[in-house]
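In: Provided below for reference: sequence and predicted model.
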Amino acid sequence: MKVVGFAGFSNSGKTTLVEQLIPLLRAHGLRVSVVKHAHHRFDIDQPGKDTWRHRTAGAFEVIAASDQRMALMREYAESAEPVVHDLIARLDAAVDWVLVEGFKESDLPKVEVWRAPSADYPAHPVRYGSDPWIVAVAADVPAAALPAPPGPLPVFDVRDPRALADWLRATGDRWEYGRESGREGRTEGLADARSEARA
């Protein structure tokens, strides 16, 4: 399993980029999963449906399953920030790639998605200068126009997802998630991926 994160400010284009990368990776026979950080009160259920009725009646967990898909909904008694590694551990271990959207503070190798300011989008700082886990940048401007020099980080045109997908596949071993030895080994593996991806 290979894991890469996508971090950036709201409306920077993370979802669109991840959405475009999925079929590009699948075209090479790769299975792709996504972990998405959501807002506090998000809901995928529909009022009035059976699963919604079970949840509102007080069920802690509801699984809806058919011959084509399965969804698990869990209600937490107390608010707690999800841990991305715990969520990745719940995925099918046979997937080839996991694309993680959000979780900008995580210790995963990440691509920063950065958008230049415009009439409908305010200016935001770049994260790559302060986040050692950022290993590449996808932006709507060339590297020379970024607010800070990206140094050795590769910079991709966010409007050309194929180039980024090709780079991810070409450097695939760098994104390998974890080792059998547990979290200590996983962290070591991620550090290796980070330093290699910057090279």
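Out: Thanks, I have the structure now. Quick caveat, the model's predicted, so the values are computed rather than measured.
In: off-centre distance for the helix or strand encompassing residue 137?
Out: Element membership for residue 137 (DSSP states H and E) is strand 134-139. Centroid separation between strand 134-139 and its chain, computed with CA atoms, centre = their mean, to the nearest Å, is 13 Å.
In: now do stretch 93-108
Out: Here the centre of mass of C-alpha atoms in stretch 93-108, compared against the chain's by CA atoms, centre = their mean, lies 5 Å away.
In: model confidence over it, on average?
Out: This predicted structure assigns stretch 93-108 an average pLDDT of 94.
In: list the buried ones in it?
Out: Of the residues in stretch 93-108, those buried under the neighbour-count criterion (16 or more other CB atoms under 10 Å) are 95-104, 106-108. For every residue, glycine as well, the C-beta is placed using N, CA and C.
In: so what strands line up beside the strand holding residue 137?
Out: For strand 134-139, the paired strands and their directions (DSSP bridges) read strand 110-114 (parallel), strand 155-157 (parallel).
In: okay if I get these as CSV plus distance to residue 123?
Out: Written out in CSV, the entries for the strands paired with strand 134-139 read as follows (distance: least, CB to CB, whole Å):
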stretch, distance to residue 123
strand 110-114, 11
strand 155-157, 18
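In: those: which one's closest to residue 142?
Out: strand 155-157 (7.2 Å; CB to CB).
In: in the very next helix or strand once past the closest one, what counts as buried?
Out: Past strand 155-157, further along toward the C-terminus, the next helix or strand under DSSP H and E is helix 161-170. When neighbours are counted by 16+ other CB under 10 Å, the buried residues of helix 161-170 are found to be 161, 164, 165, 168, 169.
In: can you give me the distance of the second one to residue 129?
Out: Read it as residue 164. Using CB to CB, to the nearest Å, one obtains 21 Å as the distance from residue 164 to residue 129.
In: cool, and residue 94?
Out: 37 Å.
In: and what of residue 160?
Out: Residue 160 sits 24 Å away from residue 129, taking CB to CB as the criterion.
In: repeat that for residue 147.
Out: Here the distance between residue 147 and residue 129 works out to 9 Å (CB to CB).
In: I'd say residue 25 and residue 19 touch.
Out: No. Here residue 25 lies out of contact with residue 19, judged by CB atoms under 8 Å, at a distance of 11.7 Å.
In: having no further points to raise, I will conclude here.
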